[in-house]
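Novice: All I have is the shape, not the residue letters:
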Ligand code: 8IG
């Protein structure tokens with residue numbers, strides 16, 4: 001029997017078929033993955049046509065982290081070129097859950113197999129760059145994969161030169177010139193970094209650090225989708241201010257910025 005681990009792309013095709021059946025929509029156009037702190041930002045998109053539990057689709061494990069939704073929504077959004085069918089994942093699976101990389105990227109693979117040409121990945125992260133402030137959204141320009149884990153298997157030598165769409169970043173910056181861009185370092189977690197590790201990352205060229213987004217970006221790009229990454233800085237990374245890091249503070253900072261992020265997302269979707 002084929003399963004998520006023996007045939008991950010085949011399982012995404014199966015999940016996409018079930019999504020089409022549940023929503024009555026043969027295709028979706030764009031996918032959004034809402035990371036921690038972004039879930040309430042999805043409410044700014046209006047009323048979904050459908051909402052169900054992620055575990056209603058084949059291959060998805062139940063979510064394990066508090067504040068991560070585990071729901072999927074389908075929206076019909078009115079854009080400049082007609083209706084956009086948006087697929088929104090409230091929450092995601094992380095590498096630190098220990099289930100391997102396959103569940104981490106199953107959502108974006110399902111979205112691309114459901115027709116999505118663009119995938120918007122959001123996250124909450126730590127700020128390494130001293131110019132960043134808590135509550136600030138930053139476009140991901142590039143990444144450092146410090147886990148060394150790829151979702152791809154076999155001789156799939158995918159070019160990552162333009163992983164984070166230059167075209168969509170330019171559109172977003174024309175909409176909001178105050179948007180910063182940065183390099184996102186991917187850390188497995190679940191422990192945060194030591195101050196020495198943050199110094200190392202800064203020297204390596206990282207501006208942001210978090211525990212998500214990178215495997216999903218690679219998997220979506222490998223299947224041909226355009227990728228956008230938006231990080232919400234919810235804490236200064238270890239050693240930057242001398243304060244200790246707490247999950248509760250991170251969630252609170254995310255909540256405080258949700259309205260602003262909702263507006264940003266609406267703009268993103270109409271431009272894509
Ligand atoms: I929110 O400071 C959030 N996620 N690795 N480091 C890492 N992940 C994070 C951090 C952080 N803040």
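Specialist: Yes, it's here. As the structure is a prediction and not an experimental result, all values here were calculated from the model.

Novice: buried ones in stretch 236-252?
Specialist: Buried residues in stretch 236-252, counting neighbours by 16 or more other Cβ atoms under 10 Å, are found at 236, 237, 238, 239, 240, 245, 250, 251. Every residue, glycine included, has its C-beta placed from N, CA and C.

Novice: The last one and residue 73: what is the separation?
Specialist: Pointing back at residue 251 there. 21 Å (Cβ to Cβ, to the nearest Å).

Novice: Now for residue 175, how many residues are close by?
Specialist: Using other Cβ atoms under 10 Å, residue 175 has 13 other residues around it.

Novice: Give me the pLDDT for it.
Specialist: For residue 175, the model assigns a pLDDT of 84.

Novice: Apart from its chain neighbours, what residue comes closest to it?
Specialist: residue 267 (5.0 Å; Cβ to Cβ, 6 or more residues apart in numbering).

Novice: can you pull the buried residues of the top helix by length along the chain?
Specialist: Longest helix of the chain, by residue count under DSSP state H: helix 247-271. Using 16+ other Cβ under 10 Å as the test for burial, helix 247-271 gives 250-251, 253-255, 257-258, 261-262, 264-265, 268-269.

Novice: do stretch 98-108 as well
Specialist: Per 16+ other Cβ under 10 Å, stretch 98-108 contains these buried residues: 101, 102, 103, 104, 105, 106, 107, 108.

Novice: And the strands in the stretch 1-150 of the chain?
Specialist: 30-34, 50-53, 71-79, 82-90, 118-127, 137-145 (DSSP state E, counting those that start in this stretch).

Novice: and the angle from the helix or strand that residue 169 is a member of to strand 118-127?
Specialist: For residue 169, the element it lies in under DSSP states H and E is helix 166-175. Between the axis of helix 166-175 and that of strand 118-127 there is an angle of 70 degrees, by axes from the mean of the first three to the mean of the last three Cα atoms, to 10 degrees.

Novice: Okay, now the sheet partners of whichever helix or strand comes after helix 166-175, with direction.
Specialist: For helix 166-175, the following helix or strand on the C-terminal side (DSSP H and E) is strand 180-186. Strand pairing for strand 180-186, determined by DSSP bridges: strand 137-145 (parallel), strand 208-210 (parallel).

Novice: show me what contacts the residue nearest to residue 13 when sequence neighbours are not counted?
Specialist: Spatially, and ignoring its direct neighbours in sequence, residue 13 is nearest to residue 113 (5.0 Å; Cβ to Cβ, 6+ apart). By Cβ atoms under 8 Å, 6 or more residues apart in numbering, the contact set of residue 113 is 9, 12, 13, 15, 16, 223.

Novice: Tally up the residues packed near the fifth one, please.
Specialist: Translated: residue 16. Considering only other Cβ under 10 Å, residue 16 is surrounded by 23 other residues.

Novice: now the fourth one
Specialist: For residue 15, the neighbour count with other Cβ under 10 Å is 24.

Novice: Would you confirm that it contacts residue 110?
Specialist: Yes - the pair formed by residue 15 and residue 110 meets the contact definition of Cβ atoms under 8 Å, at 4.2 Å.
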